[in-house]
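Peer 1: Make a model of this:
(one chain, ligands or ions: 2)
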Amino acid sequence: MMSSLAFDEVPPPADKVAEPAPLPDGREVRPIPRISIQAFCETQPFADTLAAAAADRRMSRAHVKVHMGGLAAATEFYAAAPTPNLILVESSLPRERLVVELERLAAVCDAGTKVVVVGVTNDVELYRDLHRRGVSEYLVGPVGVLNIIATVADLYSNPKSEPLGRTVAFVGGKGGVGSSTLSHSVAFALSKSLGGDVVLADLDLAFGTAGLDFNQDPAQGIAEAIHSPDRLDETFLDRLLSRCSEHLSLLAAPATLDRTFDFGEAAIEPVIDIAQANVPMVVLDLPHIWSGWMKRTLTGADEIVLTVEPDLANLRNAKNLLDLLKQARQNDAAPHLVINRVGVPKRPEIKVEEFVKALGVEPLAVIPFDAALFGTAANNGQVVAEVDGKSAAAAAFDKIARAVSGRSDVRRVRRQGLGSVLARLRGRKTA
Ligand SMILES: Nc1ncnc2c1ncn2[C@@H]1O[C@H](COP(=O)(O)OP(=O)(O)O)[C@@H](O)[C@H]1O
Ligand SMILES: [Mg+2]
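Peer 2: Ligands and ions are numbered 1, 2, ... in the order given. I've put the predicted structure just below:
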């Protein structure tokens, strides 16, 4: 379910929303759990910022309601209504009045409700005073979209269950463009360079080739994970993973046709959550379909790699995907574009420069068509780098791996000594 956003006023057009600023410390902003949040704004810009925050993928699980009227409206409202998990109030009141009004609000708050105040006075004493009185956080406005999300995330992130990992979704502009091949090769490259574990999830359930590419034929895999959300924990996940190399594990697709895979929109989410909570990097090989769960998985990923071939249908589809993702992910960078299979003999192609110009996005990598190299890898059950580590394609995969790895995160994970959770789990089982 998307966040239920209720407005007292009509949401503003996207271009009116305050420019999303990245956090100054470059910190990753984590998703927010399924909490209820109600905000009481004094100004339209703050209401607009909250609307933009509520529309962000990181808030898609939270229930957000935005009211106008500031602190006074909040106190009046909760005199008659139960309070949510979190109340955000914007207030321009001077220090003494603010403290008095917050006391009045506190008197009508249920136990367990947290309050975040966005004020106008930059004053350490006030900050400390409010903390003492139970206000969880005091921010001096104006605050940016990601700042709001980060503040809420900090209040509700449980250090034990905080997701460690990033998700990288691979999607193609058409079927057969090499999106899966790329995702497998990039997962391989990541597992070599990251120093932490990588899980590759093959979401092309009926036809996926990750098992073939890594020479694995496990009896269980991602389908069991999706079909048993109640049993899903680290131990169960660990049993479903097939190990390809020291740091690379695969959640293989069944690749059989004895059942169909018409999932609900959120069916994949628990699998991604548990994988993400346990490994630093989760690579999602998405099929070329457009279903509810596919769209949700794609729009919810930390990073996206869009692979295309230089032809007209890819151009149109890539444009549509980029437009959709720009709309759905207003506080995220655009997907990484990879132009693959360039220069198929005798094939008329759109020139790369023209393709790029028409799309308006610079490619992260342009990979030549190389039937011998890719064909050999596929037939041997290997990835390209294992066949020829010095090829242009292998260099491109390393480059893509670097781009999606968010290295500062990896360092953070290492510092916490959580680099190889899967290895630890395995150690426990054999011990
Ligand atoms: N640069 C390339 N040169 C030659 N063949 C390639 C290249 N990239 C991918 N292929 C081949 O293209 C085919 C389709 O790739 P696949 O990854 O299954 O596409 P998708 O997942 O986009 O449907 C595979 O046989 C793969 O080996
Ligand atoms: Mg594929």
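Peer 1: list the buried ones in stretch 120-133?
Peer 2: V120, L126, Y127, D129, L130 (16 or more other CB atoms under 10 Å). Just so you know, the C-beta spots here come from the backbone N, C-alpha and C atoms, and that holds for glycine as well.
Peer 1: Please tell me the pLDDT value assigned to the first one.
Peer 2: Reading off the confidence values, V120 has pLDDT 94.
Peer 1: Next: the fourth one.
Peer 2: Confidence per residue is given as pLDDT, and for D129 that number is 92.
Peer 1: Can you tell me what sits against the longest helix anywhere in the chain?
Peer 2: Longest helix in the chain, counting residues (DSSP state H): helix 312-328. Defining contact as CB atoms under 8 Å, 6 or more residues apart in numbering, one finds that helix 312-328 is touched by 14, 57, 171, 173-174, 177, 298-299, 304, 306, 308, 334-335, 337, 350, 355, 358-359, 361.
Peer 1: Could you rerun that using 7 Å?
Peer 2: 171, 173-174, 177, 299, 304, 306, 308, 334-335, 350, 355, 358-359, 361 (CB atoms under 7 Å, 6 or more residues apart in numbering).
Peer 1: Return the two entries of the residues you listed that lie farthest from one another.
Peer 2: Largest separation among the contacts of helix 312-328 by CB to CB: T299 and I350, giving 27.1 Å.
Peer 1: okay, now G389: neighbour count?
Peer 2: 10 (other CB atoms under 10 Å).
Peer 1: quick check, it in a strand?
Peer 2: No - counting by DSSP: H, G, I helix; E, B strand; the rest coil, G389 falls outside a strand, being coil.
Peer 1: And it, how far from V308?
Peer 2: Distance from G389 to V308, counting by CB to CB, to the nearest Å: 25 Å.
Peer 1: Could you check the pLDDT of the residue of the stretch 201-350 of the chain found nearest ligand 1?
Peer 2: Taking CB to the nearest ligand atom, ligand 1 has its nearest neighbour within the stretch 201-350 of the chain at R341, 4.6 Å off. Per-residue confidence (pLDDT) for R341: 98.
Peer 1: Test my guess that it contacts V366.
Peer 2: No - between R341 and V366 there is no contact under CB atoms under 7 Å: 10.2 Å.
Peer 1: average model confidence for the helix or strand hosting A74?
Peer 2: Assigned by DSSP states H and E, A74 belongs to helix 70-80. Helix 70-80 comes out with an average pLDDT of 95.
Peer 1: Just the buried residues of that helix, please?
Peer 2: G70, L71, A72, A73, A74, T75, F77, Y78.
Peer 1: Now render those residues as JSON lines, adding distance to ligand 1.
Peer 2: Shown next, in JSON lines, are the buried residues of helix 70-80 (distance: CB to the nearest ligand atom, whole Å):
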{"residue": "G70", "distance to ligand 1": "52"}
{"residue": "L71", "distance to ligand 1": "54"}
{"residue": "A72", "distance to ligand 1": "56"}
{"residue": "A73", "distance to ligand 1": "52"}
{"residue": "A74", "distance to ligand 1": "51"}
{"residue": "T75", "distance to ligand 1": "56"}
{"residue": "F77", "distance to ligand 1": "51"}
{"residue": "Y78", "distance to ligand 1": "52"}
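Peer 1: Most widely separated two among these?
Peer 2: Farthest pair in the buried residues of helix 70-80, by CB to CB: G70 and Y78, 13.3 Å.
Peer 1: what's the neighbour count on I367?
Peer 2: Using other CB under 10 Å: I367 sits among 26 other residues.
Peer 1: And the pLDDT for it?
Peer 2: For I367, the model assigns a pLDDT of 98.
Peer 1: Test my guess that it contacts F397.
Peer 2: No - the criterion here is CB under 7 Å, and I367 misses it with F397 at 8.5 Å.
Peer 1: State the helix or strand in which the residue of the chain positioned farthest from its centre lies.
Peer 2: Ranked by distance from the centre of the chain (CA atoms, centre = their mean), the top residue is E96, with 41.6 Å. Taking DSSP H and E as the criterion, E96 maps to helix 95-107.
Peer 1: Likewise for A395?
Peer 2: Residue-wise, A395 maps onto helix 392-405 under DSSP H and E.
Peer 1: so what does that helix touch, helix or strand wise?
Peer 2: helix 179-193, strand 303-308, strand 336-342, strand 363-368, helix 384-387 (3 or more CB pairs under 7 Å, 6 or more residues apart in numbering; DSSP states H and E).
Peer 1: Any idea which of those gets closest to L155?
Peer 2: strand 303-308 (25.5 Å).
Peer 1: This structure against ligand 1: which residues are in contact?
Peer 2: 172, 175-181, 209, 288, 340-341, 367, 369-371, 374, 378, 393 (CB under 6 Å from any ligand atom).
Peer 1: which stretches of the stretch 151-300 of the chain have low pLDDT?
Peer 2: In the predicted model, the stretch 151-300 of the chain carries pLDDT under 70 at residues 158-164.
Peer 1: which stretches of it form strands?
Peer 2: With strands called from DSSP state E, counting those that start in this stretch, the stretch 151-300 of the chain shows them at 166-172, 198-202, 242-245, 248-251, 281-285.
Peer 1: Quick one: closest of the ones you listed to R30.
Peer 2: Short answer: strand 166-172, nearest of the strands of the stretch 151-300 of the chain by CB to CB, at 10.3 Å.
Peer 1: Quick check: neighbours of the closest one in the sheet, parallel or antiparallel?
Peer 2: When sheet partners are counted by DSSP bridges, strand 166-172 sits next to strand 281-285 (parallel), strand 303-308 (parallel).
Peer 1: so it versus helix 312-328, what angle?
Peer 2: Angle, strand 166-172 to helix 312-328, by axes from the mean of the first three to the mean of the last three CA atoms, to 10 degrees: 150 degrees.
Peer 1: got a list of what P254 touches?
Peer 2: L205, G221, A223.
Peer 1: Same question for L337.
Peer 2: So L337 contacts L306, V361, P363, L364 (CB under 7 Å, 6+ apart).
Peer 1: try 10 Å this time
Peer 2: 173, 304-308, 318, 322, 355-356, 359, 361-366 (CB atoms under 10 Å, 6 or more residues apart in numbering).
Peer 1: are any of those residues buried, and which?
Peer 2: 173, 304-308, 318, 322, 355-356, 359, 361, 363-366.
Peer 1: quick one: I32 and A53 touch, right?
Peer 2: Yes - using CB atoms under 10 Å, I32 makes contact with A53 at a distance of 9.3 Å.
Peer 1: who has more neighbours, these two?
Peer 2: Taking other CB under 10 Å, I32 and A53 do not tie; A53 has more neighbours (33 against 24).
Peer 1: Thanks a lot, see you next time.
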